[in-house]
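Enquirer: sequence plus the predicted model coming up.
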Amino acid sequence: MFKNYIQLKQVSKIYKNKFTALKNVDLNIQKGEIFALLGPNGAGKSTLINVLCGLTYHSKGSIIINGMNLSENRKKIKSMIGLVPQELHLEAFETVLDNINYSRGLWGKHKDDNHILDLLKKLNLDDKKNNLLMQLSGGMKRRVLIAKALSHNPTILFLDEPSAGVDIELRKEMWEIIYALKKEGVTIILTTHYIEEAEEIADRVAFINNGKIILVEDKKVLLNKLGNNKLVFTLRKSFQKVPSLLNKYPHRINRKKSTIEFFLSKDKSEVSDILLSFKKSKTQYLEFNIEKRSLESIFVDYIKKEK
Amino acid sequence: MINYLAIKAIYFHEMNRTKRTILQSIISPILSTSLYFIIFGSAIGSRIKEIDGVTYGMFIVPGLLMLNLLTQSVSNGSFSTYFPKFNGTIFELQAAPVSGLEMIVGFVGATATKSILLGSLIILTASFFIDLNILHPFLMIFFLLMTAITFSLFGFVIGLWADNFEKLSLIPLIVITPLVFLGGSFYSINMLPEIWQKISLLNPVLYLVSGFKYSFYEISDVSIWTSIITIILILFILIVITLLIFKKGYNLRS
């Protein structure tokens, strides 16, 4: 067993029009983990997934998956992979069951209606098995795409924006499915715009921007290391200028909400000093709370630093 | 290792599409062929003298068969490749452990099957209108198979090349159909002035129509061996082109 199940070394992707979508990406993904790729639009998330799934070729570097070089063992590696694309691309006039069986066949597996029906049950689609795909809602189509990707029992599952256009209820259902797959030992790599999704389900996260991986970290470590908590004051009046006594503490102002957030260290030792500074600077507030700092705020800070 | 199950999956996926579009794929060509027989075979054909010892109705059978085989093979072949690109489902074929060759066998196999089925139905339809007697049935089957496979492959290449619906219908409409009509489908090139006879020899479809005519009635515009070599050569060239396309990932992978 390879500890680093998926290894990327100095991987670059340069398109014919000279656009560099990935720049010297180094990445290690472990077996059985849920790995989230976060980044703004055009950051290179989908390109990275397309390269790993064989939809496009990388220009430089090496990719090793389960000890095999992707360039030399493309077919073998592809047989281990399932992909849920971002767009809802499906054959409109085919039934759910036929379409999923088609996917299974493409991956070299015999037709198995029982296996597919089990999958459909897990995805709450069993009553739709004979429906035409064009008759399904967007959320159902997304679930069909997941069923197609799982039809051949992949050991690696790529989910490109799995929650795009999906309501919160279905999103939570999907998270349950992802947890269940993790329990079965499937390695899951997902890209997402929803930071709370990564915060909820990922074991590790990577920030990608302008084709470069700018951070890879265990989610819990990251939240811990970069200040798991923040002290949030709701002000009586929004600041024109932050008083110098308060300015020395790392903070962020939300003028619309008239709040100021101070990022706290792990032991929260600054709390009493900040409160004292409020008093000294005669700054009035309505209330204050200690809240958890989100992955989103960490992400935004990183992207800002990059710029 | 060859992914036989993927070939099977693609093949039946495509055949199911034919079932869903039976009117367009099968009924429509048979109807138009019947009209050809009614108009050219019975109405006008009865006033035309025999050509090379066969009635005009009989004479046009190989040509009509070729017209339908070529246009349907190219149209169906190109559509089956282009459609996944158009509706976005091509990602699945790209992500699956399916080689270019396996894709070709699956797609071209299905398209060729449709064409062979159509060809057989056209022969059956023709037998209702004329007294059909095929002198070399095995040779006829050889030409039927080779033409269906070769032009289904040609359609496959067009489907890869096309990036819009106009390009998709461009080749069948402005190349294939004129070549069939000018390839001696409805006349013998001996009826043309000498210069046009020579120009006609540049038309590869002439050799296929001629081969077909020979298999039916032992009449031909060129030697049967030239026809056999031509169809094998066209198939070989198309296989090489298709494999090169897959190697380079043209219009499939960047």
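Expert: Structure's in. What do you need? Numbering: from 1, shown residues only, chains lettered A, B, ... in the order given.

Enquirer: any residues touching stretch A:97-110, and which ones?
Expert: Outside stretch A:97-110, the residues that touch it by C-beta atoms under 8 Å, 6 or more residues apart in numbering or on different chains are A:79, A:90-91, A:94, A:111-113, A:115-117, A:119-120, A:129-130, A:133, A:144, A:147-149, A:151-154, B:3-6, B:8-10, B:12-13, B:16, B:92-93, B:96-98. Placement of C-beta: from N, CA and C, glycine included.

Enquirer: of those, buried ones?
Expert: A:79, A:90-91, A:94, A:111, A:115-116, A:119-120, A:129, A:133, A:144, A:147-149, A:151-152, A:154, B:3, B:5-6, B:8-10, B:12-13, B:16, B:92-93, B:96-98 (16 or more other C-beta atoms under 10 Å in any protein chain shown).

Enquirer: list the contacts for the residue in the stretch 1-150 of chain B positioned nearest to chain A?
Expert: Relative to chain A, the nearest point of the stretch 1-150 of chain B is B:A9 (2.6 Å; C-beta to the nearest C-beta). By C-beta under 8 Å, 6+ apart, the contact set of B:A9 is A:101-102, A:104-106, B:106.

Enquirer: what count of nearby residues applies to B:I141?
Expert: B:I141: 15 surrounding residues under other C-beta atoms under 10 Å in any protein chain shown.

Enquirer: do A:Y15 as well
Expert: 12.

Enquirer: wait, a strand at A:S238?
Expert: No - if the criterion is DSSP: H, G, I helix; E, B strand; the rest coil, then A:S238 is coil and not within a strand.

Enquirer: which non-adjacent residue is nearest it?
Expert: Once flanking residues are discounted, A:S238 sits nearest to A:S258: 4.4 Å by C-beta to C-beta, 6 or more residues apart in numbering or on different chains.

Enquirer: tell me the contacts of the one you found?
Expert: A:234-238.

Enquirer: adding neighbour count, write those out as a markdown table.
Expert: Shown next, in a markdown table, are those (neighbours: other C-beta atoms under 10 Å in any protein chain shown):
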| residue | neighbour count |
| --- | --- |
| A:T234 | 14 |
| A:L235 | 20 |
| A:R236 | 10 |
| A:K237 | 9 |
| A:S238 | 13 |
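
Enquirer: coming back round to it: for the contacts of B:A9, pick the one with the most neighbours.
Expert: Counting neighbours by other C-beta under 10 Å, the top entry in those is A:L106, with 29 neighbours.

Enquirer: so how far is B:S223 from the nearest residue to that residue once chain neighbours are set aside?
Expert: Spatial nearest neighbour of A:L106, chain neighbours left out: B:A96 (3.9 Å); criterion: C-beta to C-beta, 6+ apart. Noted for B:A96: a distance of 45 Å to B:S223, by C-beta to C-beta, to the nearest Å.

Enquirer: now intersect the contacts of stretch A:97-110 with the helices, please.
Expert: A:113, A:115-117, A:119-120, A:144, A:147-149, B:4-6, B:8-10, B:12-13, B:16, B:92-93 (DSSP state H).

Enquirer: residues of stretch A:49-60 that come out buried?
Expert: Residues of stretch A:49-60 classed as buried: A:49-56, A:58 (neighbour count, 16+ other C-beta under 10 Å).

Enquirer: now do the contacts for B:N76.
Expert: B:N76 sits next to B:18, B:25, B:111, B:114-115, B:152, B:155 when contact means C-beta under 8 Å, 6+ apart.

Enquirer: quick one on the thing from earlier: of all the contacts of B:A9, which comes closest to A:L38?
Expert: Ranked by distance to A:L38 (C-beta to C-beta), the contacts of B:A9 are led by A:L106 at 30.4 Å.

Enquirer: and A:H251, how far is that from chain B?
Expert: To chain B, A:H251 is 45 Å away according to C-beta to the nearest C-beta, to the nearest Å.

Enquirer: residues in chain A within reach of chain B, list them.
Expert: Counting by C-beta under 8 Å from any C-beta of the partner chain, chain A comes close to chain B at A:15-16, A:53-57, A:74-76, A:78-79, A:81, A:83, A:85, A:87, A:89-94, A:98, A:101-110, A:148.

Enquirer: at 7 Å what do you get?
Expert: A:15-16, A:53-57, A:75, A:78-79, A:81, A:83, A:85, A:87, A:89-91, A:93, A:98, A:102-103, A:105-110 (C-beta under 7 Å from any C-beta of the partner chain).

Enquirer: A:A36 belongs to a strand?
Expert: Yes - membership of A:A36 in a strand is supported by three-state DSSP.

Enquirer: gap between it and A:L223?
Expert: 13 Å.

Enquirer: what's the answer for A:K172, then?
Expert: A:K172 sits 21 Å away from A:L223, going by C-beta to C-beta.

Enquirer: neighbour count: the two, which is higher?
Expert: The neighbour count for A:K172 versus A:L223, taken as other C-beta under 10 Å, is higher for A:L223 (19 against 13).

Enquirer: return the distance of the more buried one relative to A:E197.
Expert: Counting by C-beta to C-beta - A:L223 and A:E197 are separated by 15 Å.

Enquirer: for chain A, just list every one of the strands.
Expert: Per DSSP state E, chain A carries strands over the ranges A:4-14, A:20-30, A:34-38, A:60-65, A:68-69, A:81-84, A:156-160, A:187-192, A:204-209, A:212-218, A:229-235, A:251-254, A:259-264, A:285-292.

Enquirer: typo on my end, it should be the stretch 151-254 of chain B
Expert: For the stretch 151-254 of chain B, no strands are identified by DSSP state E, counting those that start in this stretch.

Enquirer: could you tell me which ranges of it sit under the pLDDT cut-off?
Expert: Across the stretch 151-254 of chain B, the ranges flagged by pLDDT under 70 are B:249-254.

Enquirer: please redo it, this time with the cut-off set to 90
Expert: Residue ranges of the stretch 151-254 of chain B with pLDDT under 90: B:160-202, B:220-221, B:241-254.

Enquirer: what about the helices in it?
Expert: B:165-171, B:177-181, B:194-200, B:204-217, B:224-248 (DSSP state H, counting those that start in this stretch).

Enquirer: B:S78: which of those is closest?
Expert: Nearest to B:S78, of all the helices of the stretch 151-254 of chain B, is helix B:165-171, at 5.3 Å by C-beta to C-beta.

Enquirer: quick check: buried residues in the closest one?
Expert: B:168-169, B:171.

Enquirer: also near chain A: which of the residues you listed, exactly?
Expert: Okay, of those, nothing touches chain A (C-beta under 7 Å from any C-beta).

Enquirer: and which of these is nearest chain A?
Expert: When the buried residues of helix B:165-171 are compared against chain A (criterion: C-beta to the nearest C-beta), the nearest one is B:L168, at 18.0 Å.

Enquirer: give me the neighbour count for B:S42.
Expert: When counting by other C-beta under 10 Å, one arrives at 13 neighbours for B:S42.
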